[in-house]
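Peer 1: Please find the sequence and the predicted model below.
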Amino acid sequence: MQFDVVTIFPDFFRSILECGLVKRAQAGGQLRVALHDLRDFAEDRHRTVDDRPFGGGPGMVFKPRPLFRAVEAIKSDEPEAAIPIILLSPQGRLLRQPVVEELSRRRRVVLICGRYEGVDERVAENLATDELSIGDYVLSGGEVAAAVVMESVARLLPGVVGNEESVEQDSFGLDGISGREAGSGLLDCPHYTRPADFRGMTVPEVLLSGDHEEVRRWRRRRALEKTWRKRPELLAGLDLNKEDLRLLDEIKQASLPVLSREG
């Protein structure tokens, strides 16, 4: 697939594109990233892409014309193609794993990186086909968010991650422990590796037992426990079976304070 990134800071992405999974995906031919400097689409000699907001107020706003021209130029080689035009914005829908999976099935995606006080609303209403946010906070620009989108999508492209099962068992993705869809997201279970005893901190015995069914049950319980303790709101989106419900009830009961019988 291909990402077309519209930004006023193309150099921001240089190190990101030369490291890790994004670099591997490009080297393997699964991903192409094209950077487009928004200032190249300005119409004045100062390459101006922003202006003061109508009605007054602080900050500067990206003008609509350069953004429209940039996207139109990107799409000029495929004018009839239904290419998603995504505006990275704190007002967008939250980037969750189902959204990442949806994007990974696209052949081409345009990412618009906002800056300053924001972009002209006509861009959001008439140019972008979607708005995405990576969290309920404000960044100085959309470049960091664009990098997050590309990293999360790249690892889902076939052949990028050597161990496909590792991807399936990620938090918020396919629940590799049970083989079921994790819905809004079951947090991953704890993982351990050698040595089995590190400075007195030992690996749970069940993981050393060789009993695959007991390991599966332990991992499921710990994944449910971690989700309940750290992100309890996510459990509402899970399709829990009878075993899950029993394990969850045991987890909750074990966490109740022990009442003293004295007095």
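Peer 2: Looks like it came in fine.
Peer 1: tell me the contacts of the nearest residue to residue 107 once chain neighbours are set aside?
Peer 2: Excluding the flanking residues, the one nearest residue 107 by Cβ to Cβ, 6 or more residues apart in numbering is residue 1, at 5.5 Å. Just so you know, the C-beta spots here come from the backbone N, C-alpha and C atoms, and that holds for glycine as well. Counting by Cβ atoms under 8 Å, 6 or more residues apart in numbering, residue 1 touches 30-32, 104, 106-109, 153, 157.
Peer 1: Quick check, pLDDT for residue 56.
Peer 2: Residue 56 carries a pLDDT value of 88.
Peer 1: Let the chain start at 577 from now.
Peer 2: Got it, first residue is 577 now, which makes that one residue 632.
Peer 1: Correct me if wrong, but residue 783 is in a helix.
Peer 2: Yes: assessed by DSSP: H, G, I helix; E, B strand; the rest coil, residue 783 belongs to a helix.
Peer 1: Can you give me the buried ones in stretch 801-810?
Peer 2: Neighbour counts over stretch 801-810 (16 or more other Cβ atoms under 10 Å) mark 801-804, 810 as buried.
Peer 1: What of stretch 681-690?
Peer 2: 684-690.
Peer 1: What I need now is those residues written out in JSON lines, including pLDDT for each item.
Peer 2: Formatted as JSON lines, those follow (pLDDT from 0 to 100):
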{"residue": "684", "pLDDT": "98"}
{"residue": "685", "pLDDT": "98"}
{"residue": "686", "pLDDT": "98"}
{"residue": "687", "pLDDT": "98"}
{"residue": "688", "pLDDT": "98"}
{"residue": "689", "pLDDT": "98"}
{"residue": "690", "pLDDT": "92"}
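Peer 1: now, which of those sits nearest residue 663?
Peer 2: residue 688 (4.7 Å; Cβ to Cβ).
Peer 1: ok but the closest one is inside a strand, no?
Peer 2: Yes: using three-state DSSP, the assignment for residue 688 is a strand.
Peer 1: how close does it sit to residue 660?
Peer 2: Between residue 688 and residue 660 the distance, using Cβ to Cβ, to the nearest Å, works out to 11 Å.
Peer 1: what does residue 673 give?
Peer 2: From residue 673 to residue 660 the distance is 17 Å (Cβ to Cβ).
Peer 1: again, but for residue 578
Peer 2: 12 Å.
Peer 1: what sits in contact with each of these two?
Peer 2: In contact with both residue 578 and residue 660: residue 685, using Cβ under 8 Å, 6+ apart.
Peer 1: State the next helix or strand along the chain beyond the longest helix belonging to the chain.
Peer 2: With secondary structure taken from DSSP state H, the chain has its longest helix at helix 788-806. Heading C-terminal from helix 788-806, the first helix or strand you meet, by DSSP states H and E, is helix 818-831.
Peer 1: helices or strands up against that next one?
Peer 2: Applying 3 or more Cβ pairs under 8 Å, 6 or more residues apart in numbering; DSSP states H and E, one finds that helix 818-831 contacts helix 788-806.
Peer 1: where does the stretch 677-826 of the chain dip in pLDDT?
Peer 2: Residues of the stretch 677-826 of the chain meeting the criterion pLDDT under 70: 739-761.
Peer 1: returning to what we had before: now the buried residues of stretch 681-690 in JSON lines, with distance to residue 623?
Peer 2: Shown next, in JSON lines, are these (distance: Cβ to Cβ, whole Å):
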{"residue": "684", "distance to residue 623": "26"}
{"residue": "685", "distance to residue 623": "26"}
{"residue": "686", "distance to residue 623": "21"}
{"residue": "687", "distance to residue 623": "21"}
{"residue": "688", "distance to residue 623": "17"}
{"residue": "689", "distance to residue 623": "16"}
{"residue": "690", "distance to residue 623": "17"}
